[in-house]
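1. Just need the structure, nothing else, for what follows:
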Amino acid sequence: MADGAVQPPPAYPLSLEEIEGLVNSLYGPGKAQRLPETEATLRVLQRSPQGWDIADALMNSSVEQVRFFGALTFTIKLNHDSAGLSEEASQQLLYKLVHHLVLRPSFSSVATRKLCSTLAQYFCKPIAAWTMCIRSLAVSFAQGQPVLDDALSTHASTWDILPSLSDDQLLCLLEVGMNLADEAKKIANLPDRSAHERLVPNVESIEAILQVAFGRGIKYLSTHASSNDYMVLCPLGDRICGTALKCFIGWIYYAQSEFKGEPEKMKYLRSVTELALACLEFHVDDAMDLVAEVLENYPKFFDLKQQEMLWAAIMSPWGMEILKNLDAETVSLARIIVTYGQILLDARILYREPDNAHHQQVMSVLHELLKYPQPVGVEDDVAPVVLDFWNNYVSTVAEELFQFTEEIVKPAWVDDANANVLLAVSEFLQKITFPAAAITKDWSSEEKKTFKVFRIDVRDIVQEAFEVLRDVILDQFLNFAIQALETGNWMELEAGMFCLNAVSEALAEPADEHMQRLFERPLFTVMLGTAEIPALTRRTAVEMVASFNMFFLRHPEFLPQVLPFLLSALAQPSLAHSAAKSFASLCSECRKSLTSELTSFFQMYEQFLGYQTAEEFTKSKVLEGIAAIVQAQASDGERLPGVQQLFRYVTHDAMQAINITKEGYDPEQGQILALTTLKCLAGIGKSLQASDEDVIDLESEHNPSQYWTQGPGKEIQNQIINFVNYLTQVFIANSEVIEAACDVLRVGLKETVPGPFVLPPSAFIDFITKTSMLTPRLPYVLETACCFISSHKSDNSEDYQLQAQRLLHHILAIMQGLQHPSNDPEISVGCIEVIQKFISTNAAILVTVPAEVLKGMFDFSVECIRSPEVLPKRAAASLWKDIFELSGSTKNQHQPTGQEITIHFGPAVTSALIFNVCGEVDGSSLDQIVVPLRKIIQSDRNAKTYITNSLAEQPLIIRIKDDPATQDIIRKFVEGLVRNARSSMAFKQTVKDFWTKCKQMQMQFAPQTMHPGHRAT
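-> Here you go, the predicted structure:
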């Protein structure tokens, strides 16, 4: 690499003018269709051996974008080819880089800033022949030519040189300094520490630059507005201070990790802190955010004196003015205040020393930040920032108070801490109160979302605060809600109920006395009879019913007020869904208290059917609630009439669906009714499941009741089966109907005792065997088949064995129809998972399958492993993991089956697994491939032979088989697999290391080439 400008030698594939032309076309307008060609050619030129000289030549161009590409080329060469440079070549390269920066130090140039970045990257490379980089650049600027380390001793000190540099030169030094810190952080974890050993001493020069830069910038910012230079100097001062701040912050973070062994060097950065903090009062761009970041991420950087200085600035007229005017600066200053408060909180002194005047002032400011009257997310962006502090404050106090038992006298600070928690919660209560509808109607969707997220975050604080204050905070919410109810302030009532709902799960029976104060008032009656109450308040009241269903279970005397309210809410479109959910929840919890009112509930449902809100979801939830009351009857005989009545409602929808569709009036409405039928059935089935509280008769487990299968309830089961079969036949192409039918069938699989939805195995298999490759949502049907197998894992009855065989043969037929997993990956996964369920629960069933069919099934699973499709690959790998585990499990009665499968298919599966390990699987799926490979080694003594043979037939290995180094890698890999099979972590690492080497070898066989359109002729 020669000094100075270098013209491309004759060996260049293109002339310098042609290269510049390509660069100009890359960044210029038009010719988009040739952009990939241009990029490919330039990329090859950058990576070529002549790339260094091309970069140097481009840096001499008068065109900005060409110089930028030259600096970029230097960067690319540094990152890819610098390791091959000799010491002399490295020195020449540094000379050229410094030369170009000194020649054109204009900071407004993107090429100059890119060159600053390139110099920083050079410094961090092992080949760098540079130590005092900052001083070297400062002297070079002063001399107008490169001055490197060996010539620095003859020049004036850095402190003396810096004041004479131009603003652009000073900005370039700051830019290089900032990039040095950023680049050095990227190599912090590398074992080679030489770059850090060279960089750390530069902190003294960094101190000098920052002192001079901040001083000059602040001087410019202090220019009086009446001065002729004000419009020039003020923006320039802001830019210098802003760049200096970024350099300062970068070095602080670098020092945080790298100065641990030399903490005394931190003084060079701390000496600049007061100047940096002075930028706050000059409103330098991003100054407050940058200071806040340091406080948040490295609070120990600021010593006590500097923290006090920062707080004094906050409390100065400058800070008070910002806090008074709610704007973007207020949010930034709030971040600093919150982080400052967090420092005191982490030290545990903020609440332990409540009499300290400074701590009282800090707490007062943190409370005041919650008192802006503007709504969160619209005008107030401060409250979400302050919320983080109060969340931590409440958590810290709660954690500390948890250590004190009732017998231990609590310290004096507890009352003040509790008072602060209570006050903060009351302030949040005001902040989460929705403004009037006239205001919220103009909110954007993003503003609404922000407000709702804030409310959710406040709810978390409320729940934490309740653990500290218990009855005190409960009474606060009750008083707030009761006062709002009595004064007709509906939005405040909503906020009070919202907070009560937040703590409802933590309330126990002793809290009932407090809650009765609210529920004894006509809360739900007022909701029912007052038209002007906003829908939001009614919705929260509806949610309150579900939140306090245990209260109503203990106090059924309040149900006559609640149930009419829910019925009314069901009629309102904006409330119907919430009301239906609350109704189902209330009935489920209070079922035993409501059995005498079952007839009234049926009447209520018939009234509800007349509402326009009676649709799929609401119907299913209301019937689910009524079904829970039916289930609470004492016996199957008493339940039957209620179940029959429920089924009459369902039958009505089913018949309507079929008639409308058959007569062609409204097929879409027919599908909606069919879906409603099945959703209602699933909801009813869920509620008719035996309650966890029901006593299970152990005798009945040996002699299960025949009531629903052979007795009076048999007709109900027949109806369920008919609904599922008939509706799925009529609406065979509707995916939602198929899925809903599966949900109905799944209900009974969760039962442990006989019930109306506990269907005979034949009902399931009849449904599943009617499906085909054309059935929509077939993967969901196959999932249902897996549920069926799991629920019958202990069933040895002849009927189940017969149905299981039918299911297995049907799955095998689907796999034969698929031919290859890539034809439908989802269905392939479903089939594999069904086979896996059989393997893990009843492997002996495979003996009923002809050998050629079994071979097709297992060959299909091998193809899944080889397939590029991720999900079939993972599913098949999991299947073979189970098979190999079964093969090696001496305690499993089906071990012989597993061993026989392994004998026949072990070599093929191993070959497929090794195919993936040889670089064909992506990194995210490698772990799934590792597990079955380890299992076969553990369970089959021939596994090493399988692996060796498999490696020998892999295309990548064949391509490089004659390389002795490759053979050594393969030998060590096989030995490592066998040796580490007992340790999952060591085994995984062995595979991963080999997979990485294979990936690298694959890359070597795919070199980049110049696009043919740009080759010289």
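
2. for stretch 284-304, how far is the first residue from the last?
-> 24 Å (C-alpha to C-alpha, to the nearest Å).

3. The helix or strand residue 180 falls within: how far from the chain's middle?
-> Secondary structure from DSSP states H and E places residue 180 in helix 167-186. Distance of helix 167-186 from the chain centroid (C-alpha atoms, centre = their mean, to the nearest Å) equals 34 Å.

4. Could you do stretch 781-791 as well?
-> Counting by C-alpha atoms, centre = their mean, stretch 781-791 comes out at 30 Å from the chain centroid.

5. pLDDT on it, on average?
-> Average pLDDT, stretch 781-791: 96.

6. Which residue, other than its chain neighbours, is closest to residue 884?
-> residue 935 (3.7 Å; C-beta to C-beta, 6 or more residues apart in numbering). C-beta here means a position set from N, CA and C on the backbone, and glycine is covered the same way.

7. number of nearby residues for the closest residue to residue 343 other than its chain neighbours?
-> Leaving out its chain neighbours, the residue that sits closest to residue 343 by C-beta to C-beta, 6+ apart is residue 299, at 4.9 Å. Residue 299 has 15 neighbours, counted by other C-beta atoms under 10 Å.

8. tell me which strands and helices the helix or strand harbouring the residue nearest to residue 884 is in contact with?
-> Under DSSP H and E, the secondary-structure element containing residue 935 is helix 926-939. Here helix 926-939 touches helix 870-888, helix 895-915, helix 943-952, helix 964-979, helix 984-1004, going by 3 or more C-beta pairs under 8 Å, 6 or more residues apart in numbering; DSSP states H and E.

9. The fourth one packs against which elements?
-> To tie it back to what came earlier, the one meant is helix 964-979. With contacts taken as 3+ C-beta pairs under 8 Å, 6+ apart, helix 964-979 sits against helix 926-939, helix 943-952, helix 984-1004.

10. is it possible to export these to JSON lines including distance to residue 443 and mean neighbour count?
-> Shown next, in JSON lines, are the helices and strands packed on helix 964-979 (distance: least, C-beta to C-beta, whole Å; neighbours: other C-beta atoms under 10 Å):
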{"stretch": "helix 926-939", "distance to residue 443": "46", "mean neighbour count": "21"}
{"stretch": "helix 943-952", "distance to residue 443": "63", "mean neighbour count": "18"}
{"stretch": "helix 984-1004", "distance to residue 443": "51", "mean neighbour count": "16"}
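
11. Indicate which one of the ones you listed is closest to residue 379.
-> Of all the helices and strands packed on helix 964-979, it is helix 926-939 that lies closest to residue 379, at 49.4 Å by C-beta to C-beta.

12. Okay, angle between that closest one and helix 984-1004 too, please.
-> With axes from the mean of the first three to the mean of the last three C-alpha atoms, to 10 degrees as the basis, helix 926-939 and helix 984-1004 are set at 120 degrees to each other.

13. Name the residues that touch helix 926-939?
-> 865, 873-874, 877-878, 880-881, 884-885, 887-888, 902, 906, 909-910, 913-914, 916-917, 921, 943-944, 946-947, 977-978, 981-982, 984, 987-988, 991-992, 995 (C-beta atoms under 8 Å, 6 or more residues apart in numbering).

14. where does this protein dip in pLDDT?
-> Along the chain, segments meeting pLDDT under 70 span 1-13, 30-33, 405-407, 692-703, 1004-1017.

15. Remind me which helix or strand residue 836 belongs to.
-> If you go by DSSP H and E, residue 836 is part of helix 825-842.

16. And that helix, what does it pack against?
-> Using 3+ C-beta pairs under 8 Å, 6+ apart, the elements in contact with helix 825-842 are helix 778-791, helix 798-818, helix 851-866, helix 870-888.

17. Chain neighbours aside, what residue packs nearest to residue 784?
-> Leaving aside its sequence neighbours, residue 784 sits nearest to residue 742 (C-beta to C-beta, 6+ apart; 4.3 Å).

18. What about that neighbour, how many residues nearby?
-> Residue 742 has 24 neighbours, counted by other C-beta under 10 Å.

19. who touches it in this structure?
-> By C-beta under 8 Å, 6+ apart, residue 742 lies in contact with 777, 780-781, 783-784.

20. Can you flag the buried ones in the residues you listed?
-> The neighbour-count test (16 or more other C-beta atoms under 10 Å) marks 777, 780-781, 783-784 as buried among the contacts of residue 742.

21. which among those gets closest to residue 711?
-> Closest approach to residue 711 among the buried ones among the contacts of residue 742 (C-beta to C-beta): residue 784, at 26.9 Å.

22. Identify each of the helices in the stretch 51-200 of the chain and give its residue range.
-> Assigned by DSSP state H, counting those that start in this stretch, the helices in the stretch 51-200 of the chain fall at 51-58, 64-81, 87-103, 110-123, 133-143, 158-161, 167-186, 194-199.

23. Now residue 640: which helix or strand?
-> Assigned by DSSP H and E, residue 640 belongs to helix 636-662.

24. helices and strands around that helix, which ones?
-> Short answer (3+ C-beta pairs under 8 Å, 6+ apart): helix 636-662 packs on helix 598-608, helix 616-631, helix 667-688, helix 714-730.

25. now the helices of the stretch 51-200 of the chain as TSV including mean neighbour count?
-> Converted to TSV, the helices of the stretch 51-200 of the chain look like this (neighbours: other C-beta atoms under 10 Å):
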stretch	mean neighbour count
helix 51-58	23
helix 64-81	21
helix 87-103	19
helix 110-123	22
helix 133-143	23
helix 158-161	17
helix 167-186	22
helix 194-199	17
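
26. Out of those, the one nearest residue 388 is which?
-> With C-beta to C-beta, the closest approach to residue 388 among the helices of the stretch 51-200 of the chain belongs to helix 167-186: 25.8 Å.

27. Now for residue 211: which residues touch it?
-> Counted by C-beta under 8 Å, 6+ apart, residue 211 has contacts 271-272, 275.

28. With respect to residue 98, which of those is nearest?
-> Once C-beta to C-beta is applied, the member of the contacts of residue 211 that ends up nearest residue 98 is residue 272, at 25.5 Å.

29. any idea how far the closest residue to the closest one other than its chain neighbours lies from residue 119?
-> Nearest non-adjacent residue to residue 272, counting by C-beta to C-beta, 6+ apart: residue 210, 4.5 Å away. For residue 210, the distance to residue 119 equals 18 Å [C-beta to C-beta, to the nearest Å].

30. quick one on the thing from earlier: can I get the buried ones among the contacts of residue 742 in CSV including distance to residue 369?
-> CSV is the format used below for the buried ones among the contacts of residue 742 (distance: C-beta to C-beta, whole Å):
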residue, distance to residue 369
777, 52
780, 51
781, 56
783, 51
784, 54
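
31. any idea which of those is the one closest to residue 454?
-> Nearest to residue 454 among those is residue 780, at 37.9 Å by C-beta to C-beta.

32. pretty sure that closest one contacts residue 737?
-> No - Residue 780 is not in contact with residue 737 according to C-beta atoms under 8 Å; the separation is 11.5 Å.

33. which residues are in contact with both of these two?
-> Common contacts of residue 780 and residue 737 (C-beta under 8 Å, 6+ apart): none found.
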